[in-house]
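> Provided below are the primary sequence and the corresponding predicted coordinates.
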Protein chains: 2
Amino acid sequence: MLVASSSASAGALLRHVRTGRARSRAELVALTGASRNTVSARVDQLIAANLLAEGGRGWSTGGRPPTLLQFNSRAGCVLAVDLGVTSVDVAVTDLSAQVLATVGHSIDIADGPRPVLAEVDRLAQLVLADAGLEPADVCAVGVGVPGPVEHSSGRPFHPPIMPGWHDFPIPSAFGRYECPVYVDNDVNVMALGEMGAAGSVQDVLVVKVGTGIGCGVIVDGRVYRGAQGSAGDIGHIHVTTPDGRLVTCRCGQENCLEALAGGGALLTDAVAAGLPVRTTREVVERAAQGDGAAIELVREAGRTIGTVLAALVNFFNPHRIVVTGGVAQAGVPLLAGIRESVYRRSMPLAARALEITVSAAPELSGRIGAALMAIEGFLDEESVEQALAR
Amino acid sequence: MLVASSSASAGALLRHVRTGRARSRAELVALTGASRNTVSARVDQLIAANLLAEGGRGWSTGGRPPTLLQFNSRAGCVLAVDLGVTSVDVAVTDLSAQVLATVGHSIDIADGPRPVLAEVDRLAQLVLADAGLEPADVCAVGVGVPGPVEHSSGRPFHPPIMPGWHDFPIPSAFGRYECPVYVDNDVNVMALGEMGAAGSVQDVLVVKVGTGIGCGVIVDGRVYRGAQGSAGDIGHIHVTTPDGRLVTCRCGQENCLEALAGGGALLTDAVAAGLPVRTTREVVERAAQGDGAAIELVREAGRTIGTVLAALVNFFNPHRIVVTGGVAQAGVPLLAGIRESVYRRSMPLAARALEITVSAAPELSGRIGAALMAIEGFLDEESVEQALAR
């Protein structure tokens, strides 16, 4: 009889322990079908590399009680950078994406890559010092940016709201750390942050509602990118308004979703309605604090976003939709508007078990996502092989 | 140094030969990293099972010229059933989905599962006899049906246009063949037919325009199903018409895509325009033959379908869109209308390299797809292991 070969690389074994699927050598043997000797040799290498630790004994199922294995999430740290159009946040986390220190402030992305990344570099040194860590402790860097990125090279690709950043090699700004640097679009990064660490195999839409509107698309627990990497770019889907209103978008087209329901539109509408506000954040805060007029504006934006999501629910049939980004901090009114349109317009089979929620911490998902991207890159199966082979 | 384990099961080796990635034992060794002995033992088993054959010699790269391996696509056959609302087609194909014999005629799916499947059974015996094959030669059966199906059990799930079929175990109708029976939604099956055999890893939308409108969603070369298996159900996406026209859909909602641009709408509009037609097929034939009024009606349906596809192109960023189904037999006018809307409304990055084509043989893709589903099921890696272990 043939036995199908199974994946029992050191990286795969580490993943099983990290995600809680196995807690001992015996469980790794059972899970992978590899021989006891093979598993033990690779576990010993992972212990020598300080990535696994032995601790305590489990319950015996007959023989000697097994020694328990634990992932050593303090074996290193990663830098997580959340770069926005008007803000930057930098965090250092352990290898489980627990934030050890973080700092952030306002910037203008249009200042260009050199000054902005010099500031990121300064903030990174600050958080490392704050957490009592050295540059040599950094295993990987994750960066989310508000525009399209060629993931393999970490270079933005004609980003419409990042003038001067086209083709700039963002990883080069982190040369002092001598470690891999992963760069992706902020929406994909936030999607990772909302999905949490490996494990879930759901199909999820993570919708960011900020100045722009974008969507992280998760297929079977992984970021789906599409042919040119532009999947999830829902901000410029055309929307017909019930009253026939036409609004020109910054992209030149009329009635893009973002032009009707993004942060900018929300501010314009609030000012037109006579609210004493100067920023989108102030409109969102008013709605969160119960101001009736602000609530209705946010809810109407939600309804408009919901008409687009209703179509995507029919097409994509997701398990969940998570709403995040600056405007999501308004909470209930945004969600109520979105739900109203989605449940009215989607097919019953697709809508029946669909969960629509607001992120528990919209302001953190960019940093957590950037950390997870770096950790997954650092601990991916091939990288672990290479590290152990050195 | 650790070497990552690699997949060299008999099923995996067979797949490499079937898809042309390897043509000899040496190439299989190079491709899988398995030992020469392991590969040879498994290849011998596959030859004994009649799935591989040796034939001729390749070019030497130094030593003895290698013996070439070939997939024996005549090692068995599969039955392919394309069940529509008003027609059934049954084919028998070899293990490369080459049609050996086929037969089909009109039915009414609303007659219910027992009479319809009895007729399918009769047709299957006809095509087998026609091809000079025996029931024992049938390795697997593939069935496409015009409604949602629980893929694992082959039971339709509240199919709106298949009254009486809910929860009926379709595989039970093929008991005489003592082989696995695979059942899926016709749109997913057509998508397989358009993708061809294994190999491509593209992201593709296969849009069926018939009485209903549906979409097979291919992610990385595989059918994407979504949370409840209803992904691709685009026929009931809400569309706002430029002239504010309201049309009630059979689902009860207003202005579903299908109610505005499906085969039924095309016929209604053609009759209203004074064309002497009684069926959608007649409208399509007139358009294909150059009738100006019919062409404009088909093109307008294409424009409407294109407004929905434009949104999906932004969201999904596919490599390709293939249009199939009865109305697709109109060819150019449908394509022109779809392209007009998609290129006008999609983001340039997503639209730039996008190919939109009509199926080369819309009338065959259901049968080819059903055959491929059966073949892939029969030759999937686990099934091959089990067959050889017997």
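Sure thing, it's come through.

> which stretches of chain A form strands?
Assigned by DSSP state E, chain A shows strands spanning A:52-57, A:67-71, A:77-83, A:87-94, A:99-106, A:138-145, A:149-150, A:155-156, A:181-185, A:204-209, A:213-219, A:222-223, A:320-324, A:355-358.

> Of those strands, which is nearest chain B?
Closest to chain B of those is strand A:213-219 (Cβ to the nearest Cβ; 5.6 Å). Placement of C-beta: from N, CA and C, glycine included.

> For the strands of chain A, which has the smallest mean pLDDT value?
Confidence, taken as mean pLDDT, is least for strand A:52-57 of those (a mean of 81).

> Residue numbers of the stretch 51-200 of chain A in contact with chain B?
Residues of the stretch 51-200 of chain A that fall close to chain B, judged by Cβ under 8 Å from any Cβ of the partner chain: A:148, A:157, A:158.

> which one of these sits closest to chain B?
residue A:148 (6.9 Å).

> Excluding chain neighbours, what is closest to the closest one?
residue A:157 (4.7 Å; Cβ to Cβ, 6 or more residues apart in numbering or on different chains).

> ok, that neighbour - contacts?
Residue A:157 makes contacts with A:147, A:148, A:149, A:150, A:166, A:167, A:229, B:349, as judged by Cβ atoms under 8 Å, 6 or more residues apart in numbering or on different chains.

> Now the first one: closest residue in space that isn't a chain neighbour?
Looking back up the chat, that one is residue A:147. Nearest to residue A:147 is residue A:159, by Cβ to Cβ, 6+ apart, at 2.6 Å.

> same check, this time on the last one
With Cβ to Cβ, 6+ apart as the measure, residue A:230 is the residue that lies nearest to residue B:349, at 4.8 Å, once sequence neighbours are left out.

> quick one: low-confidence ranges for the stretch 251-390 of chain A?
Counting by pLDDT under 70, the stretch 251-390 of chain A contains low-confidence ranges at A:390.

> quick one, what contacts whichever residue of it sits closest to chain B?
Residue nearest to chain B within the stretch 251-390 of chain A (Cβ to the nearest Cβ): residue A:317, separated by 2.7 Å. Shown in contact with residue A:317 (Cβ under 8 Å, 6+ apart): A:203, A:350, B:225, B:226, B:227, B:228, B:229, B:230, B:231, B:232, B:233.

> Now neighbour count and distance to residue B:184 too, for these, in CSV please.
Listed next are the contacts of residue A:317 as CSV, based on neighbours: other Cβ atoms under 10 Å in any protein chain shown; distance: Cβ to Cβ, whole Å:
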residue, neighbour count, distance to residue B:184
A:203, 22, 18
A:350, 25, 17
B:225, 18, 9
B:226, 21, 14
B:227, 21, 17
B:228, 20, 14
B:229, 20, 9
B:230, 23, 13
B:231, 27, 12
B:232, 28, 11
B:233, 28, 14
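
> mind listing which of the residues you listed are in helices?
Per DSSP state H, helices hold the following members of these: residue A:350.

> do stretch A:17-37 and chain B meet?
Yes - remark: stretch A:17-37 sits within contact range of chain B at residue A:34, by Cβ under 8 Å from any Cβ.

> Report the buried residues of that stretch.
Going by neighbour count (16 or more other Cβ atoms under 10 Å in any protein chain shown), the buried part of stretch A:17-37 is A:17-18, A:22-29, A:31-32, A:34.

> which residue sits closest to residue A:93, ignoring its sequence neighbours?
residue A:371 (4.2 Å).

> Quick check: that neighbour touching residue A:91?
Yes - using Cβ atoms under 8 Å, residue A:371 is in contact with residue A:91, at 6.7 Å.

> And the residues of the stretch 51-200 of chain A next to chain B, which is closest to residue B:238?
Closest approach between those and residue B:238, by Cβ to Cβ: residue A:148, at 29.0 Å.

> Where does the prediction get shaky in the stretch 1-150 of chain A?
Within the stretch 1-150 of chain A, the ranges that satisfy pLDDT under 70 run A:1-6, A:56-62.

> For it, which segments count as helices?
Here the stretch 1-150 of chain A has its helices, by DSSP state H, counting those that start in this stretch, at A:10-18, A:25-32, A:36-48, A:113-130.

> Using PDB, list the CA coordinates for the second one.
Included here for helix A:25-32 are C-alpha records, laid out as PDB according to Å, rounded to 0.1, in the frame of the first residue of the first chain:
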ATOM      1  CA  ARG A  25       5.900  15.400  19.300                       C
ATOM      2  CA  ALA A  26       3.300  12.600  19.400                       C
ATOM      3  CA  GLU A  27       0.600  15.000  18.100                       C
ATOM      4  CA  LEU A  28       2.900  16.200  15.400                       C
ATOM      5  CA  VAL A  29       3.500  12.600  14.300                       C
ATOM      6  CA  ALA A  30      -0.200  11.900  14.300                       C
ATOM      7  CA  LEU A  31      -1.000  15.100  12.300                       C
ATOM      8  CA  THR A  32       1.700  14.800   9.700                       C
END
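
> Based on its surroundings, how many neighbours for the closest residue in space to residue A:161 that isn't next to it in sequence?
Nearest non-adjacent residue to residue A:161, counting by Cβ to Cβ, 6+ apart: residue A:85, 5.7 Å away. Per other Cβ atoms under 10 Å in any protein chain shown, the neighbour tally for residue A:85 reads 18.

> where's residue A:85 relative to chain B, distance?
19 Å (Cβ to the nearest Cβ, to the nearest Å).

> could the strands of chain A be laid out in JSON lines, adding mean neighbour count and distance to residue A:305?
Shown next, in JSON lines, are those (neighbours: other Cβ atoms under 10 Å in any protein chain shown; distance: least, Cβ to Cβ, whole Å):
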{"stretch": "strand A:52-57", "mean neighbour count": "14", "distance to residue A:305": "44"}
{"stretch": "strand A:67-71", "mean neighbour count": "18", "distance to residue A:305": "39"}
{"stretch": "strand A:77-83", "mean neighbour count": "29", "distance to residue A:305": "22"}
{"stretch": "strand A:87-94", "mean neighbour count": "23", "distance to residue A:305": "22"}
{"stretch": "strand A:99-106", "mean neighbour count": "15", "distance to residue A:305": "26"}
{"stretch": "strand A:138-145", "mean neighbour count": "26", "distance to residue A:305": "21"}
{"stretch": "strand A:149-150", "mean neighbour count": "20", "distance to residue A:305": "24"}
{"stretch": "strand A:155-156", "mean neighbour count": "21", "distance to residue A:305": "26"}
{"stretch": "strand A:181-185", "mean neighbour count": "25", "distance to residue A:305": "19"}
{"stretch": "strand A:204-209", "mean neighbour count": "28", "distance to residue A:305": "7"}
{"stretch": "strand A:213-219", "mean neighbour count": "27", "distance to residue A:305": "7"}
{"stretch": "strand A:222-223", "mean neighbour count": "20", "distance to residue A:305": "21"}
{"stretch": "strand A:320-324", "mean neighbour count": "25", "distance to residue A:305": "8"}
{"stretch": "strand A:355-358", "mean neighbour count": "16", "distance to residue A:305": "11"}
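
> Of all those strands, which one comes closest to residue B:132?
Proximity to residue B:132, assessed across those by Cβ to Cβ, is greatest for strand A:213-219 (44.1 Å).

> tell me what that closest one is packed against?
Judged by 3 or more Cβ pairs under 8 Å, 6 or more residues apart in numbering or on different chains; DSSP states H and E, strand A:213-219 is in contact with helix A:186-195, strand A:204-209, helix A:257-261, helix A:292-316, helix B:292-316.

> Out of the ones you listed, flag the one nearest residue B:65.
Residue B:65 sits nearest to helix B:292-316 of all these, at 47.2 Å, using Cβ to Cβ.
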